[in-house]
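[1] Fold the following for me, if possible:
(one chain, ligands or ions: 1)
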Amino acid sequence: MKKVVRFLAVVMAMALMLTFVGCSGQTPAPTDATTTAKPVTNPTTTVNEGQVQTTTLGSDTTTAQQVAGITTTASAQKTTTQVKTTMPDNLKITTTAKKTEKPAATKNPMLTTVPKGTASKDKLVALSFDDGPSIQTTNLVLDKLEKYNVVATFMLIGQNVHSGTQAVMKRTLDLGCELGNHSYTHRRMGAMSAAEIREEIEDTQDVIERYAGVTPTTFRPPFIDVSQTMYNNIPLTFICGIGANDWDNNVSAKQRADMIINNVKDGDIILLHDFAGNSLTVEALDTIIPTLKNQGYKFVTVSDLFKLKAVERKKNTMYTNVK
Ligand SMILES: [Zn+2]
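    Numbering: from 1, shown residues only. Predicted structure coming up:
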């Protein structure tokens, strides 16, 4: 019995450690965004960013209760499954293997559609910011983007989209940036019904269309909490990204910058936050952007990343890397 307890403790500790990696850069609800977020709130993000570029089914149903409880082993198994999931790199292989045709399609639905066009050889990266718009922080982020002449994608919480934030959204679009959907209320959606999910998404689409005049095509699940019901009911491209734990005030601007710079690779989406008061991320941009530019990266929006890499957006997939 003691062995079992010890094993569970070890697995739980591993699960906690893994939540620090990658997509765990999700904030709590915007109202308490500046408080310290415990990574345990984000157990579905045990994807190792360095290895898994897209996450297909199976990453969706682990909940905080499961991590805290007896089903931790199942969680660990799911993580293993995720590592085996199809990566976009395989798409490239099929473009040169004409003989495969139908067999490949039946074996792996991810390979059914090979993107047309030629993928850019450029090193591309897509900066993205969650939880805005915030009049203060989003404008400071836009100042940095303007300073370095780069673009980004802003994943908006519907509740924050209104006449008061209309000007900052206009400025965002004027600078060539993209707007995405980050739910209406920023609650965990993994256990929601289809009707609740559709309401979260459609309300956000509606309000962004009304106040910004554009229709988002990308979606980032709050806390990267996803379910098959979400995949079935949200007709948008699911994105995650390389994170920097930048919702945690104890993580310095330098640490945030280092985490991004040390992990980023061609085709990556970078996941940061522009919620009110997140000045350390604004500060980190002064390191992240010039450093990556010096390394030859070009900054593009998430939608342009798909276009330029000639990658067709798939259902049942969450993208951190696009190529
Ligand atoms: Zn968020």
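[2] Every contact and neighbour count from this point should use C-alpha atoms.
    Will do.
[3] Check what pLDDT residue 254 gets.
    In this model, residue 254 is scored at 98, pLDDT.
[4] element containing the residue nearest to it when sequence neighbours are not counted?
    Computed as C-alpha to C-alpha, 6 or more residues apart in numbering, the closest residue to residue 254 that is not its neighbour in sequence is residue 284, at 6.2 Å. Assessed by DSSP states H and E, residue 284 sits inside helix 279-294.
[5] got the contact list for that helix?
    Residues outside helix 279-294 that contact it (C-alpha atoms under 8 Å, 6 or more residues apart in numbering): 137, 140-141, 144, 148, 246, 249, 252-254, 256-258, 260-261, 272-274.
[6] Inside helices: which ones of those residues?
    Residues of those located in helices (DSSP state H): 137, 140-141, 144, 148, 253-254, 256-258, 260-261.
[7] ok, those vs residue 186, which is closest?
    Closest to residue 186 out of the ones in helices among the contacts of helix 279-294 is residue 137 (18.1 Å), distances taken as C-alpha to C-alpha.
[8] wait, doesn't the closest one sit right on residue 275?
    Yes - contact criterion C-alpha atoms under 8 Å: residue 137 and residue 275 qualify, at 6.3 Å.
[9] The two: which is more packed in?
    Legend: neighbour count by other C-alpha atoms under 10 Å for residue 137 and residue 275, higher for residue 275 (27 against 20).
[10] can you list the residues of the stretch 101-250 of the chain near the ion?
    Neighbours of the ion within the stretch 101-250 of the chain, by C-alpha under 5 Å from the ion: 131, 222.
[11] So which residues of the stretch 101-250 of the chain form strands?
    123-132, 153-156, 178-181, 218-219, 237-239 (DSSP state E, counting those that start in this stretch).
[12] Redo these as JSON lines? Include distance to residue 230.
    Below are the strands of the stretch 101-250 of the chain laid out as JSON lines (distance: least, C-alpha to C-alpha, whole Å):
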{"stretch": "strand 123-132", "distance to residue 230": "19"}
{"stretch": "strand 153-156", "distance to residue 230": "17"}
{"stretch": "strand 178-181", "distance to residue 230": "13"}
{"stretch": "strand 218-219", "distance to residue 230": "11"}
{"stretch": "strand 237-239", "distance to residue 230": "10"}
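[13] which one of those lies closest to residue 209?
    Smallest distance to residue 209 across the strands of the stretch 101-250 of the chain (C-alpha to C-alpha): 10.2 Å, for strand 178-181.
[14] Against residue 219, how distant is residue 226?
    11 Å (C-alpha to C-alpha, to the nearest Å).
[15] Then residue 300?
    Residue 300 is 17 Å from residue 219, by C-alpha to C-alpha.
[16] now do residue 225
    Distance from residue 225 to residue 219, by C-alpha to C-alpha: 12 Å.
[17] Tell me where the stretch 101-250 of the chain is predicted with low confidence.
    101-117 (pLDDT under 70).
[18] Could you pull out the helices in it for me?
    101-107, 135-148, 166-174, 194-212, 228-233 (DSSP state H, counting those that start in this stretch).
[19] and the fourth one, what does it pack onto?
    Pointing back at helix 194-212 there. Secondary structure elements in contact with helix 194-212, counted by 3 or more C-alpha pairs under 8 Å, 6 or more residues apart in numbering; DSSP states H and E, are helix 166-174, strand 178-181, helix 228-233.
[20] so can I have CSV of the ones you listed showing mean neighbour count?
    Shown next, in CSV, are those (neighbours: other C-alpha atoms under 10 Å):
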stretch, mean neighbour count
helix 166-174, 18
strand 178-181, 28
helix 228-233, 18
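[21] Residue 205: which of these is closest?
    With C-alpha to C-alpha as the criterion, residue 205 lies closest to strand 178-181 of those, at 6.9 Å.
[22] And that closest one, what does it pack against?
    strand 153-156, helix 194-212, strand 218-219.
[23] Output the ones you listed as TSV; include the columns mean neighbour count.
    Shown next, in TSV, are those (neighbours: other C-alpha under 10 Å):
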stretch	mean neighbour count
strand 153-156	28
helix 194-212	18
strand 218-219	22
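[24] Of those, give the one that comes closest to residue 304.
    Closest among the helices and strands packed on strand 178-181, using C-alpha to C-alpha: strand 153-156, at 10.2 Å.
[25] which residues are contacting that closest one?
    Under C-alpha under 8 Å, 6+ apart, the answer for strand 153-156 is 126-133, 177-183, 219-220, 301-302.
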